[in-house]
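Asker: need the 3D shape of this:
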Amino acid sequence: MQAMRFCVCSLLAAFVVAFEPRAITVDVVDVARARANKDERTRSMNMKSFDPRAVTVDAVNDKRTEVAGSELQPLALAHDSKASGVTYGNPKCPCVGFDNVNGVTKVAIDRDTQADYPADLGARCDAWDNDRHPHSCVEEDQKPGAGKGWCAQQWCYVDPCNCDIPVLPKTSAYLPDSTFQGKPVYYSYATCGGEDLWTKENHKDACVNQDSEKTCWALEKCAWDGSKCGGKEVNSQCNKKLHGFTWGMASCRCVGIDNQPGSLDVDIGDGKMVAYPADVGATCQTWDHKRHPECKKPAGERPLWCLDKWCYVDPCSCNHAVPPKTSAYLPDAKYQGKPVYYSYATCGSTDQWTTENHKMSCVNQDSEKACEQLKDKCAWTGKECLGKELVDLCHAPSDRHVERAGAWMAAPMLAFLSMLFPLIA
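Answerer: Just a heads-up that it's a prediction; the model follows:
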């Protein structure tokens, strides 16, 4: 037994000498201290101006970051919207869609009427119907009339599977065939601090308007929970599997509203605007094929990237090994207050476009000085230039360093020690 203890102790000593604990400890402590100081400043500012009904983008990122097993406070994004006072809903039920873009969304007012709404319809909290709904909100003498009743109430589109507020969202009547990450599009007044005065009288097929189990199940989009009718998704049917080659890989899903009728103006460079479908980038597709002028050239003259699939992504929920890039087509667009990014990698494609066609892309800046010149959207990691959100706002780069250099080594070491200590004792 004495010999066994000596042998075990020798192995333990060798393991400890070879393993450098400071690789974990110093980085984790530095990250934790920096994050704690940042969170304290954020809390101090937020306590002065927090409105629980409609939270600005400062509170949209409600994710918790884990560093070497320690749970830190949620990171807060800086307010980065051009229009002051823009809000993206309650952080427990944030708005979805692309804000601050140009184009048209075709809205189904009723079976006989369509109306043109902005391309960024529902992407932020706004009184979208005011001065737009042709039957009710253009003239003061209409019912309810411009600036009155539901015309003046703010609402936005939401993901039903990421909406945890007391007032459940409802399936959209305006975009009945559109989806967000494979689910029907829902809308919510409550997440914007508004009151839903519209649904009861104007959306007869809304699930919440079905007062019996029979009428509820008669609608494909609805489900009965035993006491009331609601959309299938809000009734715990959010486990639909998504194919990575359509919706992006699980680590970096596409964002945007798919099958949104209308058009979106994209900037292809040198001030040239081209109309793409309103749902551009919402799924993995060859969006440039037969749309971009370069991709309309005769066969043999078209660039290879014309047939590459890509989509738009949320930089703060994209953990793909290949970082996404800030959009050139929609340079001013926002998703929940953050700049829109694009990714070929999440769609299984190689990016053959950025190097030659997006000179101002952060990844094309090969020095800290060049990166610094684009500091409004880029940040230097110490070895490369990436979008600011990927470096500063979503998560600190040192978190990733900790995970690679320390966290993955800590678990095996602890397991090894747990086996050795009983023998030593």
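Asker: all the helices of the stretch 151-300 of the chain, in order from the start?
Answerer: 199-202, 213-217, 244-247 (DSSP state H, counting those that start in this stretch).
Asker: okay if I get those as a markdown table plus mean neighbour count and distance to Cys137?
Answerer: Any C-beta I mention is one placed from the backbone N, CA and C, and that applies to glycine too. Below are the helices of the stretch 151-300 of the chain laid out as a markdown table (neighbours: other Cβ atoms under 10 Å; distance: least, Cβ to Cβ, whole Å):
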| stretch | mean neighbour count | distance to Cys137 |
| --- | --- | --- |
| helix 199-202 | 14 | 11 |
| helix 213-217 | 14 | 29 |
| helix 244-247 | 17 | 34 |
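Asker: turn these into a markdown table, including distance to Asp392 and mean pLDDT.
Answerer: Converted to a markdown table, these look like this (distance: least, Cβ to Cβ, whole Å; pLDDT from 0 to 100):
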| stretch | distance to Asp392 | mean pLDDT |
| --- | --- | --- |
| helix 199-202 | 40 | 93 |
| helix 213-217 | 47 | 94 |
| helix 244-247 | 28 | 94 |
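Asker: how about those in a markdown table, adding distance to His320?
Answerer: Formatted as a markdown table, the helices of the stretch 151-300 of the chain follow (distance: least, Cβ to Cβ, whole Å):
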| stretch | distance to His320 |
| --- | --- |
| helix 199-202 | 38 |
| helix 213-217 | 40 |
| helix 244-247 | 11 |
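Asker: which of the ones you listed sits closest to Ser317?
Answerer: helix 244-247 (12.8 Å; Cβ to Cβ).
Asker: export the closest one as CSV, just CAs?
Answerer: Listed next in CSV are the C-alpha coordinates belonging to helix 244-247 (Å, rounded to 0.1, in the frame of the first residue of the first chain):
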residue,chain,number,x,y,z
GLY,A,244,-29.1,23.0,-41.6
PHE,A,245,-28.8,23.4,-45.3
THR,A,246,-32.1,25.4,-45.3
TRP,A,247,-32.1,27.2,-42.0
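Asker: counting contacts, what elements does it pack onto?
Answerer: Contacting helix 244-247 under the criterion 3 or more Cβ pairs under 8 Å, 6 or more residues apart in numbering; DSSP states H and E is no other helix or strand.
Asker: give me the residues contacting that helix.
Answerer: 181-182, 250, 253-254, 283-284, 309, 346-348 (Cβ atoms under 8 Å, 6 or more residues apart in numbering).
Asker: relative to His358, how far out is the residue most central in space within the chain?
Answerer: Centroid check for the chain by Cα atoms, centre = their mean gives Asp314 as the closest residue, at 3.8 Å. Per Cβ to Cβ, to the nearest Å, Asp314 is found 19 Å from His358.
Asker: Ala123 now?
Answerer: From Ala123 to His358 the distance is 23 Å (Cβ to Cβ).
Asker: higher neighbour count, the two?
Answerer: Taking other Cβ atoms under 10 Å, Ala123 and His358 do not tie; Ala123 has more neighbours (26 against 19).
Asker: secondary structure class for the nearest residue to that one once chain neighbours are set aside?
Answerer: Nearest residue to Ala123, sequence neighbours excluded (Cβ to Cβ, 6 or more residues apart in numbering): Gly97, at 3.4 Å. Of the three states, Gly97 takes coil under DSSP: H, G, I helix; E, B strand; the rest coil.
Asker: what sits against Gly97?
Answerer: 120-123, 156-157, 180, 256-257, 335.
Asker: just curious, which of these is nearest to Val363?
Answerer: Once Cβ to Cβ is applied, the member of the contacts of Gly97 that ends up nearest Val363 is Tyr335, at 19.4 Å.
Asker: give the full set of residues in contact with the closest one.
Answerer: 96-99, 123, 255-256, 312, 314.
Asker: could you redo the last one with a cut-off of 6 Å?
Answerer: 255, 314 (Cβ atoms under 6 Å, 6 or more residues apart in numbering).
Asker: tell me the pLDDT at it?
Answerer: Looking at Tyr335, its pLDDT stands at 97.
Asker: any idea how far His243 is from it?
Answerer: 22 Å.
Asker: how about low-confidence regions in the stretch 251-400 of the chain?
Answerer: For the stretch 251-400 of the chain, the stretches flagged by pLDDT under 70 are 395-400.
Asker: that'll do, ta.
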